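> with the sequence up front, the predicted model follows.
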Amino acid sequence: MMTATDWLQLGSLILGVFTLWYLIKYVGYTKLIAEATSKPVVIATRSGVITNPPRLRNIGSGPALDVEWSVSGTKKAGKISYIESDQESEALDVNIHALEHGAVLSGTNKVTLTCSYRSISGRKTTSVSNYDFNSGLFFGASFTE
């Protein structure tokens, strides 16, 4: 037979388990909200004359951290510690000849600039921007998490 003290301890245990479950759910929701309000989105851009090297632009709402980039068909790659929201990186170490070489190797007259980075919550994202030599523009960025 359970005494009043036993019932009180059981009730405390049940309340503790419920509180722990609630806190775990709350932390999960907080992470989702933080990610949604400070999510980086990095794309490749190029402006001006065709000989200007590309840059990376963060069009998202949070900083992109530990940014790594590479150009398909070339050995061109690099790292940037971070890119603030609504800011551009310095010009990438890629000249028009490296882009042309990658495009010729692809056989499509296009080259891709792949960029991986993480958000402040630690979520990793990869973006792929395509450069078309016929139009002289980056187009069709895609993202995977």
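That came through fine. Numbering: from 1, shown residues only.
> quick check: phi and psi at Ser12.
In terms of degrees, to the nearest 10, the main-chain angles of Ser12 are phi -60, psi -40.
> in stretch 134-141, which residues are buried?
Residues 138, 141 are the ones in stretch 134-141 that count as buried (16 or more other C-beta atoms under 10 Å). Using the backbone N, CA and C atoms, a C-beta is placed for each residue, glycine as well.
> what about it, distance to the chain center?
20 Å (C-alpha atoms, centre = their mean, to the nearest Å).
> which outside residues touch that stretch?
Residues from elsewhere that reach stretch 134-141, judged by C-beta atoms under 8 Å, 6 or more residues apart in numbering: 43-46, 50, 54, 109, 113, 127-132.
> make JSON lines out of the residues you listed and add neighbour count, pLDDT and secondary structure.
Listed next are the contacts of stretch 134-141 as JSON lines, based on neighbours: other C-beta atoms under 10 Å; pLDDT from 0 to 100; DSSP: H, G, I helix; E, B strand; the rest coil:
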{"residue": "Ile43", "neighbour count": "18", "pLDDT": "95", "secondary structure": "strand"}
{"residue": "Ala44", "neighbour count": "25", "pLDDT": "92", "secondary structure": "strand"}
{"residue": "Thr45", "neighbour count": "17", "pLDDT": "90", "secondary structure": "strand"}
{"residue": "Arg46", "neighbour count": "22", "pLDDT": "84", "secondary structure": "coil"}
{"residue": "Ile50", "neighbour count": "9", "pLDDT": "72", "secondary structure": "coil"}
{"residue": "Pro54", "neighbour count": "22", "pLDDT": "90", "secondary structure": "coil"}
{"residue": "Asn109", "neighbour count": "13", "pLDDT": "77", "secondary structure": "coil"}
{"residue": "Leu113", "neighbour count": "26", "pLDDT": "92", "secondary structure": "strand"}
{"residue": "Ser127", "neighbour count": "22", "pLDDT": "95", "secondary structure": "strand"}
{"residue": "Val128", "neighbour count": "17", "pLDDT": "95", "secondary structure": "strand"}
{"residue": "Ser129", "neighbour count": "23", "pLDDT": "93", "secondary structure": "strand"}
{"residue": "Asn130", "neighbour count": "18", "pLDDT": "90", "secondary structure": "strand"}
{"residue": "Tyr131", "neighbour count": "24", "pLDDT": "86", "secondary structure": "strand"}
{"residue": "Asp132", "neighbour count": "15", "pLDDT": "83", "secondary structure": "strand"}
